[in-house]
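Undergrad: please work out how this folds:
(one chain, ligands or ions: 1)
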Amino acid sequence: MPLTFHHPTSLMAACELLAELDDAHLIAGGVSLSLMVREGFVETDHLVGLGRVDGLGEMARVDGALVLGARVTHDRLAHSESVREVIGCAPRVFGGIGNSRVRNAGTLGGNLAHADPAQDPPLLLAAARAVAEVRSVRGTRDVAVAELATGVFETALEADEVIARVRVPVPATSRRFGYCKLTPNSHDDYGTANAAVALESTPDGSGWSLRIVVGAVVATPFVLDVPDVDVDSLEAGLPSAVTEALATIRPQHDRKGTPAYKAALAQVAVRRAVDAALRDDASAGPRSSA
Ligand SMILES: Cc1cc2nc3c(=O)[nH]c(=O)nc-3n(C[C@H](O)[C@H](O)[C@H](O)COP(=O)(O)OP(=O)(O)OC[C@H]3O[C@@H](n4cnc5c(N)ncnc54)[C@H](O)[C@@H]3O)c2cc1C
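TA: This is a model prediction of the structure:
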C-alpha cells in the first residue's frame with residue numbers, strides 16, 4: 001500500500017486521524033522518524049504531519065509557567081530569551097543538540113516522543129519538573145516529562161496521543177540549572193553520559209532542594225530528589241545519599257563503553273552539572289568532554 005501523508009490543520013483533526021487509521025504515525029520535523037522508517041524500525045502506511053496544525057509553535061508565559069508548543073524547534077529554544085530567563089543553560093543545551101540541520105528541523109515534541117535515552121531535552125525538562133500536555137480524542141492529560149519515557153524508544157503515550165505542549169513551572173523562588181553532556185568521541189555526538197541538575201530554594205528561602213536527572217547511561221531518566229541540601233558543603237562533595245544512589249545505576253554494555261566506564265562517566269557528569277548550577281553558569285552546558 002502506498003504511503004499516505006495527511007496534513008491536518010487542527011490538533012483535534014490530527015487526533016481523529018490517529019484514532020481512525022491503523023498504524024498511523026505522527027511526523028513533526030521528521031529527523032528521527034525518517035531514520036526509523038529507513039532502518040525498518042517503523043512500518044507505516046499513514047503519516048500524520050503536524051506542520052500545518054495551528055497553535056503548536058507558542059513560547060509564552062501562561063499562569064506561572066513557561067509554555068512551549070510541541071512543534072517549537074531546538075533552534076528556537078536555543079535562541080529564546082524567555083526560555084533562557086527560566087532555564088539559564090537552555091541556549092547551550094538546545095544549541096548543542098546534534099548539528100544545525102537537526103536543530104532547525106527537530107522539534108521538542110518529536111524529541112520527547114522519540115525517547116532516545118541519550119537525548120538532552122528530556123533530562124533538562126525533567127529537572128525543571130516540566131509536564132507534557134497530551135491530547136487525544138478522549139481528552140487531555142498531563143504526563144510528567146520525568147515519566148514520559150518508559151524504555152528505549154518507548155513512552156507512556158498511547159498510539160493515538162499527541163504531545164501538544166510542555167509546561168515548565170516557574171517558581172517564585174530562586175532556581176539554578178546545570179547541565180553536563182559528556183561526548184568523548186566527537187562534540188556533535190549524542191552524550192555518552194548526560195546529567196541535568198536543578199537547585200531550587202525553598203519557598204521561605206531558608207534552604208535548597210536538589211533534583212538530579214541522569215541519562216544516556218540508562219534506558220529511562222534516573223531522577224534523584226534531595227529535599228534538603230546544604231549548598232555550602234556541595235562545593236566540597238556530593239552528599240552521601242547522592243553518591244550512594246548514583247552507585248545503583250547499572251549501565252548496559254554497548255559500543256560507547258563498558259558498564260563500569262559509563263557509571264564512572266555518570267558520576268563525573270553529575271559532579272560537573274552540580275558545579276555549573278552552583279556557579280549558575282549558563283555556559284556550562286553540553287560540549288564538556290571527559
Ligand atoms: C544526527 C543526529 C544527531 C542528534 N543529536 C542529538 C543530540 O545531541 N541531543 C538530542 O537531544 N537529540 C539529538 N538528536 C535527536 C533529535 O533531537 C530528534 O531527532 C528530534 O528532536 C526529533 O524531532 P522531530 O520533530 O524531527 O521528530 P520526528 O522525527 O518527526 O518524530 C519523532 C517521533 O516522535 C513522534 N512525534 C513527533 N511529534 C510528536 C508529538 N507532538 N506528539 C507525539 N508524538 C510525536 C513521531 O511519531 C516519531 O515517533 C539527533 C538526531 C540526529 C539525526
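
Undergrad: low pLDDT regions in the protein?
TA: Where the chain drops to pLDDT under 70, the residues are 281-290.

Undergrad: try 90
TA: Scanning the chain for pLDDT under 90 picks out 1-2, 22, 172-173, 184-189, 202-206, 232, 235, 252-256, 279-290.

Undergrad: can you name the residue of it nearest the ligand?
TA: G110 (2.1 Å; CB to the nearest ligand atom). In short, each C-beta sits where N, CA and C put it, glycine included.

Undergrad: show me which residues of the stretch 101-250 of the chain are close to the ligand?
TA: Taking CB under 6 Å from any ligand atom as the measure of proximity, the stretch 101-250 of the chain contacts the ligand at 102, 105-107, 109-111, 113-114, 119-121, 157, 162-163, 190.

Undergrad: now G109: which helix or strand?
TA: Applying DSSP states H and E as the criterion places G109 in helix 108-114.

Undergrad: quick check: which helices or strands does that helix pack against?
TA: Under the contact definition 3 or more CB pairs under 8 Å, 6 or more residues apart in numbering; DSSP states H and E, helix 108-114 sits against strand 65-69, helix 74-79, helix 121-127, strand 162-169.

Undergrad: turn those into TSV, including mean neighbour count and distance to R38.
TA: Below are these laid out as TSV (neighbours: other CB atoms under 10 Å; distance: least, CB to CB, whole Å):
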stretch	mean neighbour count	distance to R38
strand 65-69	21	27
helix 74-79	20	21
helix 121-127	28	23
strand 162-169	22	23
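
Undergrad: ok now the helix holding G109, how far from the chain's centre?
TA: 8 Å (CA atoms, centre = their mean, to the nearest Å).

Undergrad: give me the contact list for it.
TA: 26, 28-29, 31-33, 50, 56, 68-74, 77, 119, 121-122, 125, 132, 145, 148, 153, 155, 157, 162-164, 166 (CB atoms under 8 Å, 6 or more residues apart in numbering).

Undergrad: next: stretch 248-263.
TA: Applying CB under 8 Å, 6+ apart, the external contacts of stretch 248-263 come out as N185, T192, A193, V214, A216, V217, V218, A219, F222, A247, L265, A266.

Undergrad: which of those residues count as buried?
TA: T192, A193, V214, A216, V217, V218, A219, F222, L265, A266 (16 or more other CB atoms under 10 Å).

Undergrad: would you map the helices across this structure?
TA: Ranges of helices in the chain, per DSSP state H, are 11-20, 33-38, 74-79, 81-86, 90-95, 100-105, 108-114, 121-127, 231-234, 240-246, 259-279.

Undergrad: tell me which of the ones you listed is the most buried.
TA: helix 121-127 (a mean of 28; mean count of other CB atoms under 10 Å).

Undergrad: counting by contacts, list what that one packs against.
TA: Taking 3+ CB pairs under 8 Å, 6+ apart as the contact cut, helix 121-127 packs with helix 90-95, helix 108-114, strand 175-182, strand 193-201, strand 208-215.

Undergrad: one more time with 7 Å
TA: helix 108-114, strand 193-201, strand 208-215 (3 or more CB pairs under 7 Å, 6 or more residues apart in numbering; DSSP states H and E).

Undergrad: and the protein, what are its domains?
TA: As recorded under automatic domain parsing, the domains making up the chain are 4-47, 59-169, 175-279.

Undergrad: what's the end-to-end length of stretch 35-51?
TA: End-to-end distance for stretch 35-51: 18 Å, by CA to CA, to the nearest Å.

Undergrad: and that stretch, how far out from the chain's middle?
TA: Stretch 35-51 sits 21 Å away from the centroid of its parent chain (CA atoms, centre = their mean).

Undergrad: okay, buried residues for it please.
TA: Buried positions in stretch 35-51, judged by neighbour count with 16+ other CB under 10 Å: V37, V42, T44, H46, L47, V48, G49, L50.

Undergrad: filter the residues you listed down to the ones in strands?
TA: Counting by DSSP state E, the buried residues of stretch 35-51 place H46, L47, V48, G49 in strands.

Undergrad: now, among these, which is nearest to L17?
TA: Proximity of those to L17 (CB to CB) peaks at V48, which lies at 4.9 Å.

Undergrad: tally of neighbours for G64?
TA: Close neighbours of G64, defined as other CB atoms under 10 Å, add up to 10.

Undergrad: got the contact list for the residue lying closest to it once chain neighbours are set aside?
TA: Excluding the flanking residues, the one nearest G64 by CB to CB, 6 or more residues apart in numbering is V170, at 5.7 Å. Applying CB atoms under 7 Å, 6 or more residues apart in numbering to V170 gives the contacts G64, A65, L66, V86.
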